[in-house]
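S.K.: pasted the sequence and its predicted model underneath.
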Amino acid sequence: MIAHTGLVFGRWMRASYRQPALIAFTLVQPAIWLLLFGQLFQGVVRLPGFGDSSYIAFLTPGIVMMTALMTSGWSGTSFVQDMERGVMDRMLASPVSRGGLMAGQLLSNATTTLIQTILVFAIGIAAGARYDGGIVGYLVTIVASMLVGTAFGSLSNAVALLTRQQEALIGISQFVSLPLTFMSSIMIDPTVAPHWVNVAARFNPVDWATIAARQSLAADPNWSSVWRHCLYLLAFTLIVGWLSTRAFRTYQRSV
């Protein structure tokens with residue numbers, strides 16, 4: 001499986017390099033989100049109970065997670081393209097590991113998420129964001145963003161295998177990603193959000209990642225909370241990864 005994962009990973013990375021416009025879009029998009037939302041909502045820091053940090057410092061880890069979520073939602077489009085071209089059927093008829101097919105593609109997405117995360121932090125710091133958590137805080141944020149990308153990339157791939165339609169995949173992706181974004185602490189401190197949003201956020205994997213990132217970047221991190229939310233996120237990622245791999249069987253039976 002490891003060898004197959006490496007081969008599939010190489011295939012998707014080469015495909016990405018052949019699409020410079022896509023690479024440019026995936027790198028520019030998070031920068032636009034950070035600067036746009038940073039200016040649009042910067043006044044919320046004056047709300048009672050928000051805290052004394054700058055809004056750009058508060059927003060940057062959230063945009064990291066939002067970018068990972070939104071980018072991974074399109075992951076399944078590559079599977080749909082393979083199905084339309086007959087490549088998926090040939091791959092499944094070969095001895096290649098099903099887990100390797102899934103893991104290789106998800107590793108390619110995780111590489112994109114890593115680059116986007118570094119870019120968002122670079123722009124945030126250039127815009128004035130400062131963090132006292134040090135290298136450990138940055139590493140926790142990177143790992144959390146890659147877990148978000150892997151988890152929702154797995155879900156996107158599963159939807160692609162089950163629906164086999166670009167339109168259905170895009171609609172379901174938007175239906176899931178937008179509520180998860182706004183029912184979290186990505187853009188606003190939970191202390192000033194409505195109570196029902198706080199309740200929903202407790203069960204939101206994107207919020208788990210955002211909390212872990214923000215707390216690890218703080219001057220005095222609550223490490224028990226950081227590791228707890230990271231474990232929640234890891235468990236969620238492993239479960240959806242396993243379920244998405246099983247979707248290959250459903251696809252083969254329906255062909």
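M.R.: That came through fine.
S.K.: distance of residue 7 from residue 76?
M.R.: 20 Å (CB to CB, to the nearest Å). The C-beta positions use only the backbone N, C-alpha and C, and glycine is treated the same way.
S.K.: and those two? which has more neighbours close in?
M.R.: residue 76 (29 against 13; other CB atoms under 10 Å).
S.K.: and for that one, nearest residue in space, chain neighbours not counted?
M.R.: residue 160 (3.1 Å; CB to CB, 6 or more residues apart in numbering).
S.K.: tell me the contacts of residue 218?
M.R.: 131, 132, 133, 137 (CB atoms under 8 Å, 6 or more residues apart in numbering).
S.K.: from those residues, which would you call buried?
M.R.: Among the contacts of residue 218, those classed as buried by neighbour count (16 or more other CB atoms under 10 Å) are 131, 133, 137.
S.K.: closest to residue 14 out of these?
M.R.: Of all the buried ones among the contacts of residue 218, residue 14 sits closest to residue 137, with 33.5 Å by CB to CB.
S.K.: okay, and the closest one sits in which element?
M.R.: Secondary structure assignment for residue 137, by DSSP states H and E: helix 134-163.
S.K.: and for residue 212?
M.R.: Residue 212 belongs to helix 205-217, assigned by DSSP H and E.
S.K.: packing partners of the very next helix or strand once past that helix?
M.R.: Going down the chain from helix 205-217, the next helix or strand is helix 223-254, by DSSP H and E. Using 3 or more CB pairs under 8 Å, 6 or more residues apart in numbering; DSSP states H and E, the elements in contact with helix 223-254 are helix 87-93, helix 98-126, helix 134-163, helix 205-217.
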